[in-house]
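In: sequence and predicted structure below; questions after.
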Amino acid sequence: MATPSQALVNGQATQDEVERIPVPDEYLAAHVRVEDIAMFGDATDRDVRRSLRVGPVPMPELAPDEALVAVMASSVNYNTVLTATFAPVPTFRFLQQFGRQGGWAARHDQPYHVVGSDAAGVVQRVGSGVRHWKPGDHVVVSPAYVDDQEPGTHADGMLGAQQRAWGFETNFGGLAEYAIVRASQLVPKPALLTWEEAAVNTLCAGTAYRMLVGEHGARLKQGDVVLIWGAAGGLGAYAVQFAKNGGALPIGVVTSQHSADVLHRLGCDIVLDRAEIGLTDDAADDPDHVLEIGKKLGSIIRARIGRDPDIVFEHTGRATFGISVFVVRRGGTVVTCGSSSGHQHSYDNRYLWMRLKRIIGSHIASLQETWDCNRLIGLGHIVPTMSAVYPLSRSPEATRLVQTNQHTGKVAVLCQAPRPGLGVTDTALRHAVGEERLSPFRAPRPLMTQRETKAGSRKVSPSG
């Protein structure tokens, strides 16, 4: 007979069993420490394996509107790379600003910062003000940390002045055995997915949904041509799926044949290699080169489809932004949520104003957008983009993989789950959707063995 803790991991624990599991005074977490802020000096390579630690941190007290989630799995996002490199600014600045509000916010100002903006797990405790969730509920966590007493939040959850990215601009994030979240961050876990599959979706899928589908983004429609930079990455692969699912024609730009193969499995209509269009890392430094690449890219797209893109999905930033503004059609939309290649963008404004184009800034997703997105995942219409799984003990190496762009899709991290493959509670739906469809990024390799899990000895990429 399974113990309450085993039942928790297996997804079978009752509310009474969960409530009987004690909450520890400290827990293991991936975190950075304030005394390490200057450790990199003028180094060109800020290797996150040096700064990101995995060790015990104190368990914080639970606020009335919060839940304590026993984290089964999490994933690595680029904001964890930023935190661990202390650039462009140390995130302890965010924690200090938040802590100055006083009250419950003061807990976040600590000499350590627990990172991670994704999580899948089980609610273990709830605060006195939580109404719609209870211990034992299976959840995924939205990274949108909002103040429901701000007026802007009620117009759009992302418009409140106090909106923050959980695990980046707040403490107690998801790359840990436990996470502290507001009840307004909780979303039901898709029953057909394992813990690690469920953990990779919320930030990237929700962000891509808002950018393309939601009313605050590009408002994609059937027949639209959508150009997607970094289409095999965590964000881009969801963008490809939302475009395809919505009747649009996605065009993905990638850097390798492996990435191209993955996109073909996702149904991407056209896949282009960066080398094919002459895109180099220093392209943004030469305006004439930007126009040259834009003209070449536009010619390729028109030759393949017959017209210019209606929407450009932007998150790479400086290296591609000028090309995006040039290549999108007259009256078209460039929607951006990030700048992984640099925050300072340069583009020829004539191609924006004289051709009536639009640039839309987008950030994470509102709770309603996250629920709408999650419903599509729960039906199997949008599938996880997980490519690899690491144990929590090796989360610094998983983060390094993302830092050096040596990954495709999303990199998952097992926290309390002892091995991949656990947490599915609707096996019939999983069988109907199909293991192969749920695993487009994963090469067939053996599952992590119990010995490997305990030792954290090497990366694994579980087969479906």
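Out: Thanks, I have it. Since the structure is predicted, the reported quantities are computational estimates derived from the model, not experimental observations.

In: the stretch 351-464 of the chain: strands as residue ranges?
Out: 358-361, 386-391, 410-414 (DSSP state E, counting those that start in this stretch).

In: how about the contacts made by Gly129?
Out: Pro64, Asp65, Ala183 (Cβ atoms under 8 Å, 6 or more residues apart in numbering). Just so you know, the C-beta spots here come from the backbone N, C-alpha and C atoms, and that holds for glycine as well.

In: how about 7 Å then?
Out: Listed by Cβ atoms under 7 Å, 6 or more residues apart in numbering, the contact set of Gly129 reads Pro64, Asp65.

In: ok, now Leu263?
Out: Ala231, Ala232, Val240, Gly252, Val254, Val271.

In: compare these and tell me which has the most neighbours.
Out: Ala231 (30 neighbours; other Cβ atoms under 10 Å).

In: quick check: phi and psi on that one?
Out: phi -70, psi -10 (degrees, to the nearest 10).

In: numbering from 748 from now on, please.
Out: Happy to do that; since the first residue is 748 now, the last one works out to Ala978.

In: is it in contact with Val987, as I believe?
Out: Yes. Using Cβ atoms under 7 Å as the test, Ala978 is close enough to Val987 to be in contact (5.5 Å).

In: overlap in contacts of the two?
Out: In contact with both Ala978 and Val987: Gly999, Leu1010, Cys1015, using Cβ under 7 Å, 6+ apart.

In: which helix or strand in this structure has the lowest average pLDDT?
Out: Every helix and strand of the chain was ranked by mean pLDDT, DSSP states H and E. The lowest is helix 1197-1202, at a mean of 39.

In: what stretches of this structure score poorly on pLDDT?
Out: 748-751, 1190-1211 (pLDDT under 70).

In: mind naming the longest helix for it?
Out: Determined from DSSP state H, the single longest helix within the chain is helix 1034-1052.

In: now for it, which elements pack on it?
Out: If you count contacts as 3 or more Cβ pairs under 7 Å, 6 or more residues apart in numbering; DSSP states H and E, helix 1034-1052 packs onto helix 1068-1074.

In: rewinding a little: compare the strands of the stretch 1098-1211 of the chain and report which one is nearest to Val765.
Out: Closest to Val765 of those is strand 1157-1161 (Cβ to Cβ; 19.7 Å).

In: starting at the chain centroid, how far to that closest one?
Out: 10 Å (Cα atoms, centre = their mean, to the nearest Å).

In: now do stretch 987-998
Out: For stretch 987-998, the distance to the chain centre is 19 Å (Cα atoms, centre = their mean).

In: what about the shared contacts of Ala978 and Val987, which are in helices?
Out: Those of the shared contacts of Ala978 and Val987 lying in helices (DSSP H): Leu1010.

In: going by distance to Thr1132, which of the shared contacts of Ala978 and Val987 wins?
Out: Nearest member of those to Thr1132, counting by Cβ to Cβ, is Leu1010, at 10.8 Å.

In: now do the helices in the stretch 748-897 of the chain.
Out: Applying DSSP state H, counting those that start in this stretch to the stretch 748-897 of the chain gives helices spanning 751-757, 762-767, 795-798, 825-832, 839-846.

In: could you tell me how far the longest helix of the chain lies from the centre of the chain?
Out: Counting by Cα atoms, centre = their mean, helix 1034-1052 comes out at 30 Å from the chain centroid.

In: so for it, what gets flagged as buried?
Out: By neighbour count on 16 or more other Cβ atoms under 10 Å, the buried set for helix 1034-1052 is His1036, Val1037, Ile1040, Gly1041, Lys1043, Leu1044, Gly1045, Ile1047, Ile1048.

In: cool, stretch 1067-1082 as well?
Out: 1067-1076, 1079-1082.

In: and what of stretch 849-866?
Out: Buried residues in stretch 849-866 (16+ other Cβ under 10 Å): 851-852, 854-857, 859-866.

In: just to revisit the earlier point, what's the most distant pair in the contacts of Leu1010?
Out: Val987 and Val1001 (10.4 Å).

In: please enumerate the shared neighbours of the two.
Out: Ala978, Leu1010.

In: residues touching stretch 1141-1158, excluding its own?
Out: 777, 794-796, 799, 801, 822-823, 825, 827-828, 831, 922, 947, 951, 979, 981, 984, 1005-1006, 1009, 1132-1135, 1137, 1160, 1188, 1203.

In: quick one, helices of the stretch 1098-1211 of the chain?
Out: 1114-1125, 1142-1150, 1174-1180, 1182-1185, 1197-1202.

In: mind giving me the packing neighbours of the longest strand belonging to the chain?
Out: Ranked by number of residues, the top strand in the chain under DSSP state E is strand 813-822. Counting contacts by 3+ Cβ pairs under 7 Å, 6+ apart, strand 813-822 packs against strand 867-873, strand 925-929, helix 942-946, strand 1157-1161.

In: just to revisit the earlier point, for the buried residues of stretch 1067-1082, which one is nearest Lys991?
Out: Distance to Lys991 across the buried residues of stretch 1067-1082 (Cβ to Cβ) is lowest for Val1082, with 17.0 Å.

In: quick one, what contacts that closest one?
Out: Met958, Gly964, Ala965, Ile1058, Phe1060, Glu1061, Ile1107, Ser1109 are the contacts of Val1082 under Cβ under 7 Å, 6+ apart.
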